[in-house]
Structure formats: C-alpha cells, structure tokens
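Visitor: Sharing a model that was predicted from the sequence below.
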Amino acid sequence: MSEQKRSSKPRGYEMRKRAEDVERTRQRIVEAAVHLHGTVGPALTSISAIAEHAGVTRLTVYRHFPDETALFAACSGHWLSQQRQPRPEEWGAIENPLERLAAGLADIYRFYRAGEQMLTLAIRDQHAVPEPIREAWEQMTTGQYVEVLAQGRPEADGPVRRAVIGHAVAFSTWRSLCREQGLTDREAVEVMVTLAEAVGTKS
C-alpha cells in the first residue's frame, strides 16, 4: 500500500509539472504576440516572429492556438487585463447627461492615452485583425460606451446627438484633438461636451 502511494507521488508531480510547463509556454506565446502587436502591429506580426520571440517552434504556437482568432482573443484579453479599462457602469450612475458625458469621456480618453501605441497599431492594422475581435471592440466602443453616454433628456436623444457622442468616443477623435491639435484630455472633453450640449439644445 505504502509502495503504491510512493509510486503515485512522482506521477502526480510530473503531471502537475507538465501542466505548469504547458501554461508557462502558452503565456510566453501570448506575451510575445502582445509585444509584437504593440511594437510593429498585427499586420507585421507573423507566427514565425511570435515563435522566435517566445523561444518556441511554429508548431508549438499552433498547438496552443489553432487559429488567429484564438490567438488574438488571448492577446486582447492579456493586454486589457494590464490596463485600467473605462468603467461605464460608474458613468451610468450619474444622472445629469452632460456630467455623465464628461465623466465618461474623461475615463475613455485616459484609457486611450495609456494604451495609445497599441491602439494606434491595432486600428491601423484592423484589416489583419480577425472579424470577431473587431466586432467585440466595436461593440464595446460604439455599442456600450455610446449607449450609456447617450442616455439623457428624451427631447435631446435624437440621431444627431447620438452621432456626436459616437464621434466623441472614437479613438480617432481623441488622437485628432490631443495628438494632432495638441489639446489636453480635459480640453478635448470640454470641446466634445460643448458640442453635444449645443446639439441637444437645437434638438
């Protein structure tokens, strides 16, 4: 009996060790892909480059991630887990529509500034990003963000105001105002809130 227990311990240890090694390898692959996506962009990130950066073979990459969607999903999840993401559930608790919009845009623009390099390359190379990943991003920005921020006075909830808010939450808008025109995040928020207020007044 004791001999069986002794013989089972090494097997259990080996299985655990093997599982840990597999997970470490998977993590290296994900981190390598995230690094390359954030430095050269998704379009220029090949499986060979990921394998080389992770110190594994191409076959190992495919063994862990049989298709691009699985790899991109893991990369997106890993990168987002390292960011302080916008919190639309907190903006939604603000009753005043303009105050909610200001708080939401400030939170979104902070996120854009912190993740600017990755977001710039990902959007530049969106043609190389699998469709399910693009759709998930669009649902988060043009879907969830706009839905929360567009809530307000019934008379001001027309399509023009919603379009303005959709424009305001876009990464390209933040980049245009803050990078190309040199505004601070706070100034950019004020500009977009003023625009939304003007549209709401005319509605």
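Guide: On my side now, so go ahead.

Visitor: Find me the pLDDT at residue 63, would you?
Guide: Looking at residue 63, its pLDDT reads 96.

Visitor: how close does it sit to residue 48?
Guide: 15 Å (C-beta to C-beta, to the nearest Å). Using the backbone N, CA and C atoms, a C-beta is placed for each residue, glycine as well.

Visitor: what's the longest helix along the chain packed up against?
Guide: Taking DSSP state H as the criterion, the chain has its longest helix at helix 2-39. With contacts defined as 3 or more C-beta pairs under 8 Å, 6 or more residues apart in numbering; DSSP states H and E, helix 2-39 has these neighbours: helix 47-54, helix 58-64, helix 68-81, helix 116-124.

Visitor: who's more crowded, residue 63 and residue 48?
Guide: Neighbours per residue (other C-beta atoms under 10 Å) separate residue 63 from residue 48, with residue 63 holding more: 14 against 11.

Visitor: Quick check: the gap between that one and residue 57.
Guide: With C-beta to C-beta as the criterion, residue 63 and residue 57 are 9 Å apart.

Visitor: and if you look at residue 138?
Guide: For residue 138, the distance to residue 57 equals 35 Å [C-beta to C-beta].

Visitor: And for residue 148?
Guide: 45 Å.

Visitor: So which of these two has more stuff around it?
Guide: Neighbour count, other C-beta under 10 Å: between residue 148 and residue 57, residue 148 has more, with 20 against 12.

Visitor: How about the more buried one: what's its closest non-neighbour residue?
Guide: Excluding its sequence neighbours, the residue lying closest to residue 148 (C-beta to C-beta, 6 or more residues apart in numbering) is residue 88, at 4.4 Å.

Visitor: The one you found - how many residues pack around it?
Guide: Counted with other C-beta under 10 Å, residue 88 comes out at 18.

Visitor: Just say helix, strand or coil for residue 56.
Guide: What DSSP: H, G, I helix; E, B strand; the rest coil gives for residue 56 is coil.
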